[in-house]
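Student: Requesting a structural model of the entry that follows:
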Amino acid sequence: MKNKLKTLVLSLILGATTAMAAESLVGVEGNYGSMSVDRQDVTTGYTSNENVNLMGGGLKIGAQSDEFRIFLSGNYYNSTKAQYDYVVTYGGEIDYLINPSNSFNIFLGLNAGIASIKQTDQGLSRTSSDPYFGASAGVNLHMTKSIDLELGGRVLSLDISNTKNSIKYTYNTIISGYASIIYKFQMNN
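Tutor: The predicted structure is shown next:
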């Protein structure tokens with residue numbers, strides 16, 4: 001029920017913003033980063049930490065006014081480590097736009113949503129989902145009137161835990177850099 005309520009609120013915000021926005025947006029993203037993971041043997045208390053490299057892509061749709069933009073977004077990450085099957089995030093983003101020039105703008109943003117992780121360890125499959133929140137910042141280079149190249153960085157705070165057979169995994173933070181191609185278009189009124 002809580003997830004349905006979040007989806008409804010995000011949809012209403014996106015709909016209201018689209019109605020007031022100057023432009024609608026569709027973006028395709030490529031990203032690279034790492035996820036901090038703690039592995040704890042609950043029996044002995046021994047804890048180790050590792051940074052798992054992630055590479056992935058995403059899709060986002062949204063709307064933009066002169067000073068703000070909002071997106072519904074989804075990202076799929078894959079790891080070079082065989083034990084991590086996937087990390088998926090989906091949620092909403094809101095960005096404040098700083099416009100120092102006609103050729104680019106700077107954005108500072110907040111985001112929130114759900115993160116899902118699937119991992120296989122010692123023959124056990126672990127699937128975990130929980131809310132995340134985070135922040136992003138970057139620059140939009142206006143390549144043409146309708147296409148932006150967005151370069152940015154994102155930090156997601158996860159705090160997702162999974163315990164099986166006395167081994168507890170805690171997925172802490174994803175830090176990533178990304179590049180997006182954003183297509184801007186006008187909605188007909």
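
Student: What count of nearby residues applies to residue 43?
Tutor: 9 (other C-beta atoms under 10 Å). The way it works is simple: take the backbone N, C-alpha and C, and place the C-beta from them, glycine included.

Student: Leaving out the residues flanking it, which one is nearest to it?
Tutor: residue 166 (4.8 Å; C-beta to C-beta, 6 or more residues apart in numbering).

Student: So what does the one you found look like in phi/psi?
Tutor: Dihedral pair for residue 166: phi 70, psi 10, per degrees, to the nearest 10.

Student: who touches it in this structure?
Tutor: Listed by C-beta atoms under 8 Å, 6 or more residues apart in numbering, the contact partners of residue 166 are 41, 42, 43.

Student: can you check residue 100 too?
Tutor: residue 106.

Student: shaky segments in the chain?
Tutor: 1-21, 187-189 (pLDDT under 70).

Student: hey, where'd the strands end up in it?
Tutor: 23-41, 47-64, 68-79, 84-98, 104-121, 124-142, 147-164, 167-185 (DSSP state E).

Student: got CSV for the ones you listed, with mean neighbour count too?
Tutor: Formatted as CSV, the strands of the chain follow (neighbours: other C-beta atoms under 10 Å):
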stretch, mean neighbour count
strand 23-41, 17
strand 47-64, 17
strand 68-79, 20
strand 84-98, 19
strand 104-121, 18
strand 124-142, 16
strand 147-164, 17
strand 167-185, 18
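
Student: Residue 153 reaches residue 135, doesn't it?
Tutor: No - using C-beta atoms under 8 Å, residue 153 is not in contact with residue 135, being 9.1 Å away.

Student: ok, the residue of the chain positioned farthest from its centre to residue 161 distance?
Tutor: Relative to the centre of the chain, and counting by C-alpha atoms, centre = their mean, the farthest-placed residue is residue 44 at 34.6 Å. Residue 44 is 18 Å from residue 161, where distance means C-beta to C-beta, to the nearest Å.

Student: same question, residue 149
Tutor: Counting by C-beta to C-beta, the separation of residue 149 from residue 161 is 38 Å.

Student: do the same with residue 93
Tutor: For residue 93 relative to residue 161 (C-beta to C-beta), the value is 25 Å.

Student: got it, and residue 73?
Tutor: From residue 73 to residue 161 the distance is 24 Å (C-beta to C-beta).

Student: now residue 113
Tutor: 18 Å.

Student: go on, residue 39?
Tutor: For residue 39, the distance to residue 161 - C-beta to C-beta - is 11 Å.

Student: Now the common contact residues for those two.
Tutor: If you check residue 39 and residue 161 against C-beta under 8 Å, 6+ apart, the residues they both contact are 168, 169.
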